[in-house]
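Chemist: below is the sequence, then the predicted model.
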Amino acid sequence: MLLAATGVGAGDLATAAFAGGHLGVAVLWAVIVGALFKFVLNEGLARWQLATGLSFLEGVAARFGRIALWLFLPYLLLWSYFVGAALVSACGVAAQALLPIGDDLAGGKRIWGVVHAVAGLALVWVGGFAVFERVMRACIVLMFAVVLVTAVRLWPGTAEVAAGLVPSVAHDAQGLSWTLALIGGVGGTLTVLCYGYWMRAAGREGAAAMRVTRIDLAVGYAATALFGMAMVIIGSRVPVGGSGANLIVDLGDQLQAALGPGARLLFLIGAWGALFSSLLGVWQAVPYLFADVGRVLGWIRIRPAGLDSSTAYRAYLLALALLPTFGLLSGFERMQKLYAMVGAAFIPVLALALLVMNGSRVRLGPLRNGGATVALLTGVLLFFVVLAVRGVRAGG
């Protein structure tokens, strides 16, 4: 559930709502496919760690050489800044809509954005994993309850929803683009690597833990898919306007018109829970990656289980929380677009790495890739390559 909460951010909310607005509930199947793709990737990461006792980054260095981590490091820095700026901005917009500060919307958004960045920093810095887990639970309950109740109140009909679960491909270019964006945007990008560190924090080790891990991941990505489908239903039933994080505010206004007083407030509270839980998850988990890179490359000497107490972890947490606040001076749409581009580039590389690393009978034994897993990972790789090519052509 931590994974689901961290992976659902402003981009997921906006993409699902826009896709629903353009294509209706006929695109619900795409949410399930996207969640399945991310499940396959994270299940592969978990298999590697439980079979070998090594983190994914340790495996990358052992299999492809330390040069791979040197290439990963600048990518991590770029991703951290753009995703941090997008999350801070989105939290600022949602909070300003709930509790406005003055009449200057842009100024209020910046103030609330900084407040959220610092609050997330304090929770992780002082509370550690235990407090982080409790706060995330509250945010998860809040966001899922509100968004699912809203979708049920706007229910388009069981027959229509059931038909939307059957795959169908849009014939026009715009419809196809929204379908691809929906599949690619479900469940986060670089944050899938964080699950392995949460497994260690929870004391889950050894091949015997694979069964409960698969159940864990299945529940997390089922919840992610359910949330995404609820947003598609909402977007299909009310006019979708605005752009970027302002879409959430506009949706709240439309819901008040459709469902009456109180609907706006409840939806904005649920959306805020989704956004702040995503920010908090990134603040807590992504510094693990930087500290692990430093450990594997020999910059720091710490035990894998002690990454979150290291100077490298805390320094990166501080930078991750504070530096992206400068992104509040730019528009949210620009930050979100850059974040999406940087994030999407990671998924096919991860799929390729798992095809190579998890194919070893010697290292993984019975947990190595099976035929179905190879087919699914290959499908993920090809899908995101096609998506990247389409993006380059569209940009040109």
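Modeler: Here it is on my side, so go on.
Chemist: pLDDT below threshold where in the protein?
Modeler: The chain contains residues with pLDDT under 70 at 9-11, 170-173, 241-246, 305, 330-345, 387-396.
Chemist: what about the strands in it?
Modeler: In the chain, no strands are defined using DSSP state E.
Chemist: longest helix in it, please.
Modeler: In the chain, assigned by DSSP state H, the helix with the most residues is helix 105-153.
Chemist: which elements pack onto that one?
Modeler: Helix 105-153 sits against helix 2-7, helix 67-98, helix 210-237, helix 246-259, helix 263-297, helix 311-322, with contacts defined as 3 or more CB pairs under 8 Å, 6 or more residues apart in numbering; DSSP states H and E. C-beta here means a position set from N, CA and C on the backbone, and glycine is covered the same way.
Chemist: try 10 Å this time
Modeler: helix 2-7, helix 10-23, helix 67-98, helix 195-201, helix 210-237, helix 246-259, helix 263-297, helix 311-322 (3 or more CB pairs under 10 Å, 6 or more residues apart in numbering; DSSP states H and E).
Chemist: buried residues of the longest one, list them for me.
Modeler: So the one you mean is helix 263-297. Within helix 263-297, the residues scored as buried using 16 or more other CB atoms under 10 Å are 263-264, 266-296.
Chemist: dump the helices and strands packed on helix 105-153 to CSV, plus distance to residue 116.
Modeler: Output for those, formatted as CSV (distance: least, CB to CB, whole Å):
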stretch, distance to residue 116
helix 2-7, 15
helix 10-23, 12
helix 67-98, 4
helix 195-201, 22
helix 210-237, 20
helix 246-259, 14
helix 263-297, 6
helix 311-322, 10
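Chemist: and of these, who's closest to residue 361?
Modeler: Closest approach to residue 361 among these (CB to CB): helix 210-237, 16.3 Å.
Chemist: what's the angle from that closest one to helix 246-259?
Modeler: Relative orientation of helix 210-237 versus helix 246-259 (axes from the mean of the first three to the mean of the last three CA atoms, to 10 degrees): 70 degrees.
Chemist: okay, angle between helix 210-237 and helix 263-297 too, please.
Modeler: 140 degrees.
Chemist: residues contacting the nearest residue to residue 186 once chain neighbours are set aside?
Modeler: Nearest residue to residue 186 in three dimensions, chain neighbours excluded: residue 34, at 3.1 Å (CB to CB, 6 or more residues apart in numbering). By CB atoms under 10 Å, 6 or more residues apart in numbering, the residues touching residue 34 are 12, 15-16, 179-187, 221, 224-225, 228, 383.
Chemist: and what of residue 74?
Modeler: Applying CB under 10 Å, 6+ apart, we find residue 74 in contact with no residue.
Chemist: residue 33 versus that one, what's the distance?
Modeler: Using CB to CB, to the nearest Å, one gets 31 Å for the distance from residue 74 to residue 33.
Chemist: also residue 229?
Modeler: From residue 229 across to residue 33, the span is 12 Å (CB to CB).
Chemist: so these two - more neighbours on which side?
Modeler: Neighbours were counted for residue 229 and for residue 33 using other CB atoms under 10 Å; residue 229 has more, 26 against 16.
Chemist: my read: the more buried one touches residue 20, true?
Modeler: Yes - using CB atoms under 10 Å, residue 229 is in contact with residue 20, at 9.1 Å.
Chemist: which neighbours do those two have in common?
Modeler: By the contact definition CB under 10 Å, 6+ apart, residue 229 and residue 20 are jointly contacted by 27, 28, 31, 151, 164.
Chemist: quick one: stretch 278-295 to chain centroid distance?
Modeler: Distance, stretch centre to chain centre, for stretch 278-295: 14 Å (CA atoms, centre = their mean, to the nearest Å).
Chemist: repeat for stretch 73-89
Modeler: Computed by CA atoms, centre = their mean, the chain-centroid distance of stretch 73-89 equals 13 Å.
Chemist: in it, what's buried?
Modeler: Buried residues in stretch 73-89, counted by 16+ other CB under 10 Å: 76, 78-89.
Chemist: over to stretch 150-170?
Modeler: Going by neighbour count (16+ other CB under 10 Å), the buried part of stretch 150-170 is 150, 151, 154, 161, 164, 170.
Chemist: need the contact list for residue 224.
Modeler: Neighbours of residue 224 in contact, by CB under 10 Å, 6+ apart: 1, 3-5, 7-8, 12, 31, 34-35, 38-39, 186-188.
Chemist: out of those residues, who's nearest residue 310?
Modeler: Nearest to residue 310 among these, counting by CB to CB, is residue 3 at 22.8 Å.
Chemist: okay, now that closest one: neighbour count?
Modeler: The number of residues packed near residue 3 is 26, by other CB under 10 Å.
Chemist: OK, contacts around it?
Modeler: 38-39, 42, 187-188, 191-192, 194-195, 198, 216-217, 219-221, 223-224, 281, 285.
Chemist: what sits closest to residue 224 if chain neighbours are left out?
Modeler: Nearest one to residue 224, counting by CB to CB, 6+ apart, is residue 4 at 4.6 Å.
Chemist: wait, what's in contact with that neighbour?
Modeler: Residue 4 makes contacts with 35, 136, 140, 143-144, 187-188, 217, 219-227, 274, 277-278, 281, as judged by CB under 10 Å, 6+ apart.
Chemist: would you enumerate the residues in contact with the residue nearest to residue 88 when sequence neighbours are not counted?
Modeler: Closest residue in space to residue 88, ignoring its immediate chain neighbours: residue 113 at 4.3 Å, by CB to CB, 6+ apart. When contacts are counted by CB under 10 Å, 6+ apart, residue 113 is found next to 85, 87-93, 95-96, 279, 324-325, 327-328, 332.
Chemist: what's the answer for residue 142, then?
Modeler: Contact analysis of residue 142 by CB under 10 Å, 6+ apart lists 266, 269, 270, 271, 272, 273, 274, 276, 277.
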